[in-house]
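Asker: Show me how the following folds:
(4 chains, ligands or ions: 4)
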Amino acid sequence: MTVESTAARKPRRSAGTKRTSAGSTPDTAGAGPELVQLLTPEGKRVKNADYDKYVADVTPDELRGLYRDMVLTRRFDAEATSLQRQGELGLWASLLGQEAAQIGSGRALRDDDYVFPTYREHGVAWCRGVDPTNLLGMFRGVNNGGWDPNSNNFHLYTIVLGSQTLHATGYAMGVSKDGADSAVLAYFGDGASSQGDVNESFVFSAVYNAPVVFFCQNNQWAISEPIEKQTRVPLYQRARGFGFPGVRVDGNDVLACLAVTRAALERARHGEGPTLVEAFTYRMAAHTTSDDPTRYRRDAEREEWEAKDPILRLRAYLENEGHADAAFFEELETESEALGKHVREVVRAMPVPEHMAIFDNVYADGHALVDEERAQFAAYQASFTGGEAE
Amino acid sequence: MTVESTAARKPRRSAGTKRTSAGSTPDTAGAGPELVQLLTPEGKRVKNADYDKYVADVTPDELRGLYRDMVLTRRFDAEATSLQRQGELGLWASLLGQEAAQIGSGRALRDDDYVFPTYREHGVAWCRGVDPTNLLGMFRGVNNGGWDPNSNNFHLYTIVLGSQTLHATGYAMGVSKDGADSAVLAYFGDGASSQGDVNESFVFSAVYNAPVVFFCQNNQWAISEPIEKQTRVPLYQRARGFGFPGVRVDGNDVLACLAVTRAALERARHGEGPTLVEAFTYRMAAHTTSDDPTRYRRDAEREEWEAKDPILRLRAYLENEGHADAAFFEELETESEALGKHVREVVRAMPVPEHMAIFDNVYADGHALVDEERAQFAAYQASFTGGEAE
Amino acid sequence: MAVQTLPLAKALNESLRKALETDPKVVIMGLDVGKLGGVFRITDGLQKDFGEDRVIDTPLAESGIVGTAIGLALRGYRPVVEIQFDGFVFPAYDQIVTQLAKMRARSLGAVKVPVVIRIPYGGGIGAVEHHSESPESLFAHVAGLKVVTPATPSDAYWMLQQAIQSDDPVIFFEPKRRYWDKGEVDTDAIPGELHKARVAREGTDLTLVAYGPMVKTCLEVAAAAAEEGKSLEVVDLRSISPLDFDTIQASVEKTRRLVVVHEAPVFFGSGAEIAARITERCFYHLEAPVLRVGGYHAPYPPARLEEEYLPGLDRVLDAVDRALAY
Amino acid sequence: MAVQTLPLAKALNESLRKALETDPKVVIMGLDVGKLGGVFRITDGLQKDFGEDRVIDTPLAESGIVGTAIGLALRGYRPVVEIQFDGFVFPAYDQIVTQLAKMRARSLGAVKVPVVIRIPYGGGIGAVEHHSESPESLFAHVAGLKVVTPATPSDAYWMLQQAIQSDDPVIFFEPKRRYWDKGEVDTDAIPGELHKARVAREGTDLTLVAYGPMVKTCLEVAAAAAEEGKSLEVVDLRSISPLDFDTIQASVEKTRRLVVVHEAPVFFGSGAEIAARITERCFYHLEAPVLRVGGYHAPYPPARLEEEYLPGLDRVLDAVDRALAY
Ligand SMILES: Cc1ncc(C[n+]2csc(CCOP(=O)(O)OP(=O)(O)O)c2C)c(N)n1
Ligand SMILES: Cc1ncc(C[n+]2csc(CCOP(=O)(O)OP(=O)(O)O)c2C)c(N)n1
Ligand SMILES: [Mg+2]
Ligand SMILES: [Mg+2]
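Answerer: Ligands and ions are numbered 1, 2, ... in the order given. Okay, the predicted model is just below:
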């Protein structure tokens, strides 16, 4: 019996796939009925028989909290972008547009859960309580990851695409071995979904029934490559073939992201194994500050997505429901300004590490060659008058 | 909407999966209704609305041909195994039990199609017209692949598991570019299905809609590891999540393998892209002559599968239908003996390559270091009296 | 207009364009090589002019890129693969080492796999982790591969032509921090041999051997040393596998002192192979041991420390002084 | 019974057993390590005694094995990974080089990743392609990894204990053709340092440096040379990263001549690093250049040619004679 993909489209022989407009290829675009959505772009709450129960307990206070998280995250992100423009950072990877996906999933976590991010999960880091200025160290070039992953159960940013999904799976295998009921949340992008490592993590997590949730932010672009270069069916469907469920959620709907991630984490905790969540969203900014999206995508596409903005959507809901008043929004604006100021100040004061730091932490138990090179380096530096190097 | 795997089973938290008997885990064992079968183990022809048409043209003569292919392949294989026992080969990877999967798929090919095998496709090589004694070179240790892939459109054996699925995909992309209507057939095993490369080949072939058929011989074991260590759902289902069809065929039914592979190759030729065929079969022998399966699997399992023998099955059908008489079977026996004798003789006479062959074909355009080392080696060898090396 | 002044990046772009024009079997594959023109714009404009069938944006999987390139090569194509940054070649390492490098020998010469893998490499651009590495040793050790790296726009142009024309797999390392350096490129000149080193500056007191990004640094060192009355010869290797030991030997027989400079870590780096073999060849000529200047045995540091990690003028001069002091 | 005579393979098996007994965080992962006990039976009986939770048959994907081992290590486990054969480590190379090696430095020392990767390596067993390689250089060049290889059953036992106890990632190369060689193992003895070389035989005329499978070969060479009146010292390195240059230097200052022997290709091999550094350290002591004997710059040949490819008694003696002739 032949199993046809649920959304097969007429395939073509040519290697080239032309993308004319977002949403024009129905099978990878997100409009289908499979999309879990609890808040419409206009901020209307829609019922969902499967997922309402996962957010039934969310109080207005918590809703305002989610809103605050998204606003502050966006503010932090904007500040980082502008610090990059001012030369304070070498690079910045903006999360603009992905706040709901990150805050919704991040707020679904328990303290004892563990997160393996990519390089763009500033919102998740925020939810984990990682000091946002810590995220800037690697972008400023003063370190390659400036926090202790175990302080907040938030692993270091991983740049080699997909690698972290295997670490997450192994960590989750360890959680099982320990008999704990924590869960692990692994982030990756639509581009990274093509990597062997991501698919191997699906194999391992399924075979060991590991308590891991894979959270794919399909922001529809991998630098200049549209999602059609990675898959011809919706990504959430990938999971089924590995033997676990996949679900597509509106990645600009913070409530839906919270609900779907909670459900998946619960499955994991209860020994029901992995889930793949595909958060259908959009990268509103350039890939990084080094990127020039005008070379490969239309402004119109971005505009379409502006109408689906995750923050405006929740604001509309809060206002419609009378859950937030003007004072709330004003206070938040003040808090936001203060955060921006704080970030600027901390970054500008960030010390350049000692030169000798090159030799630190290469090994835990030491290494003769590192010791030798450290000594040579010290002697070399001392050979300059005043001890200053080239 | 959550997409449940079609055959989810109650997952367990523990990393250990106990395998008590073949067929006890309904979702990876092959008995389900999804299995394409045209000949029962007893040799009865069963109707199949989807696939009958692909073998409607098979004449009794061709059926006898398939039978002959399987018998001679098995004989060749047995001869190789015994040559290994006699010390003439360093190793042998037997295909015992997989004759139908290989002959059925191999005979579905056109001359201009191209095959990328693993290290066990002796039956496919036979179909391609590769001199079987050529297959023995690498197992005798006189070369690493002793045939010109382009003579028979049969690539070299590939040992690093899964690598060849990407070569096949790339080759198929080239076929598309050339505007040819050839197809490519890539073999791999149940174990190899876990490799990143195999999954990446699914990504690439889907995105480029490449004319490639993936033929997975699920012989249920990867050395000592049962299929449950690779997947918890049937392997053919993997394809769907990548956007192309998967089909499970009775790998011990040569007619079904022929039909299913023909259908898949036809899709490829017509620009409909890749297909994954999972041939559900069984590795009757040890993994290789170095392996000791008594350490990890029960004799009873093997016995169950003996009842499904691919050769006996076709023989029963031929006899039931009156398509073959005693003379046919006798002649085949004689031919079989002759093949065995030929293989023995050729192998024993296989020359050990010249020592200098070490330096041959490392590069197409030469390399100064290789030239230097070759010269040094020659001088060194010449330094011994009579020119004989250590 | 055969002679033009071009930045190294543009010379590569022109070279690719010429290859696409000349040989219909040449295809370019990689991440973002299409509309974006690659993150360094080396493939800028090529997809527009040659189409999506010849300049191919691939799924995001390096093993898949190289593996399918091998398949295309087996079908008769000449794929030129772009790896986005040095640190991202490793997912493809298995395909490169076990398949690409060995397939010709495995087939006893029956097949060829003319795949070029272009890798922007090296540091000095203030990048984040994995974007500044020099992994050439890890390819040079592997038989079946050729490893080259240009130092000038002219070499970039010609060496890439030759690499694409070669029937062997070539790992083509591009000195990314020199992409914007300009030089004259004569697209009609008859090129030298791909694997032959070049004496970039003549001298008598000591030989500096370098390649890729460090050639410029060594030329600056030689200029600085000249002011102090020291005459340094600078050899630009161009090729790391094979290494042109004859040219190095000829230089060292003249200067009697050798310092090898590269960005890659010294330990098990190119300098080790050069030191070992030149010491064997020139044992009675050398007045000093061959000294090596390169990266430390530590992960490439964060950008704000890279100037300390990379061989710079002073560190090379220090080694020169030490060698001369013997 | 602290002292036993064991084959090297069994010494490793006992060492793993002891590690599983001593530290509940030790887990063994790999292909066929369970019921089969691994293709070389190094894990024989361990799953039976310690269960499927501690001795884990994994899906067939090396990147997955190493990647999940890293995750387990981050959770506090000490995974000991078996790679089935040398040639199959490459799919895991990216995880090893970009993640395992760099994670501690990346975290500024906040995390440790104590993963041991056991790799049966080297030739001489008449195997098919990819089963006889010596890729140690490809790991030694990478900062953050330690690379060791025992030559005797006793070292196999102790070095594996120490590797598992180390908080650093260790690539543990096992000389597969010596698996069946027997030797005394004292499981109570106080072990030496993991990264300290051992003088396996004293001599005065020339130093042979070797490791893993070549130590036995060099001891045979020394015995043969002794009959000709030449006194060779044999140094067993044990560790390739770090390299114990002090022990080599001390030996060379005495013997004034050095030959390095390994199975791996000479080009960019360990011998290059040793030659370069020892020449620098012992420039005025050396009477001859450091000579290297190893594999050729060619893919590992088919089994019937491996005796010609591998350094054997005569080839090493030839190098010894050449070194002594200076
Ligand atoms: C193995 C690897 N190859 C290439 C890159 C370079 N690179 C960095 S981000 C990126 C695109 C990633 O796209 P996606 O996974 O969709 O994540 P997004 O950036 O959209 O969040 C690429 C190609 C990398 N980091 N790692
Ligand atoms: C990358 C890699 N890892 C390990 C091996 C060793 N090995 C050879 S065959 C085999 C089992 C393969 O199982 P499967 O894919 O099911 O094919 P089968 O042998 O059953 O035909 C293993 C582990 C290998 N050849 N390549
Ligand atoms: Mg993306
Ligand atoms: Mg199998």
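Asker: residues contacting the residue nearest to the spatial centre of chain A?
Answerer: Nearest residue to the geometric centre of chain A (CA atoms, centre = their mean): A:Glu121, 3.5 Å. The neighbours of A:Glu121, taking CB atoms under 8 Å, 6 or more residues apart in numbering or on different chains as the test, are A:Leu95, A:Gln102, A:Gly106, A:Val115, A:Tyr157, A:Tyr187. The C-beta positions use only the backbone N, C-alpha and C, and glycine is treated the same way.
Asker: change it to 10 Å
Answerer: Residues in contact with A:Glu121 (CB atoms under 10 Å, 6 or more residues apart in numbering or on different chains) are A:93, A:95, A:98, A:101-102, A:105-106, A:115, A:127-128, A:130, A:135, A:154-155, A:157, A:185, A:187, A:215, A:217.
Asker: Next: A:Glu306.
Answerer: So A:Glu306 contacts A:Gly97, A:Tyr282, A:Met284, A:Leu312 (CB under 10 Å, 6+ apart).
Asker: Check these for burial and list the buried ones.
Answerer: Neighbour counting with 16 or more other CB atoms under 10 Å in any protein chain shown marks A:Gly97, A:Tyr282, A:Met284 as buried within these.
Asker: Redo those as JSON lines? Include pLDDT, secondary structure and distance to B:Val233.
Answerer: Below are the buried ones among the contacts of A:Glu306 laid out as JSON lines (pLDDT from 0 to 100; DSSP: H, G, I helix; E, B strand; the rest coil; distance: CB to CB, whole Å):
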{"residue": "A:Gly97", "pLDDT": "98", "secondary structure": "coil", "distance to B:Val233": "35"}
{"residue": "A:Tyr282", "pLDDT": "98", "secondary structure": "coil", "distance to B:Val233": "32"}
{"residue": "A:Met284", "pLDDT": "97", "secondary structure": "coil", "distance to B:Val233": "37"}
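Asker: What is the burial count for residue 43?
Answerer: In the absence of a named chain, chain A is used. 17 (other CB atoms under 10 Å in any protein chain shown).
Asker: not what I meant, chain C
Answerer: Residues lying near C:Thr43 (other CB under 10 Å) number 28.
Asker: before we move on, the earlier item: which ones among the contacts of A:Glu121 map onto helices?
Answerer: A:Ala101, A:Gln102, A:Ser105, A:Gly106, A:Cys127, A:Arg128 (DSSP state H).
Asker: what about the strands in the chain?
Answerer: With no chain named, the answer covers chain A. Along chain A, the segments classed as strands by DSSP state E run A:2-3, A:35-36, A:114-116, A:184-189, A:212-218, A:221-222, A:225-226, A:246-250, A:275-280.
Asker: ah, I was thinking of chain C
Answerer: Counting by DSSP E, the strands of chain C are C:3-7, C:26-30, C:55-57, C:78-82, C:116-121, C:146-148, C:170-175, C:182-186, C:198-201, C:206-210, C:232-236, C:239-241, C:258-265, C:291-295.
Asker: and the angle for the fourth one with strand C:116-121?
Answerer: The reference is to strand C:78-82. Calculated by axes from the mean of the first three to the mean of the last three CA atoms, to 10 degrees, strand C:78-82 forms an angle of 20 degrees with strand C:116-121.
Asker: same for strand C:78-82, what does it pack against?
Answerer: Strand C:78-82 makes packing contacts with helix B:163-178, helix C:8-22, strand C:26-30, strand C:55-57, helix C:62-74, strand C:116-121, helix C:153-165, strand C:170-175 when contacts are defined by 3 or more CB pairs under 10 Å, 6 or more residues apart in numbering or on different chains; DSSP states H and E.
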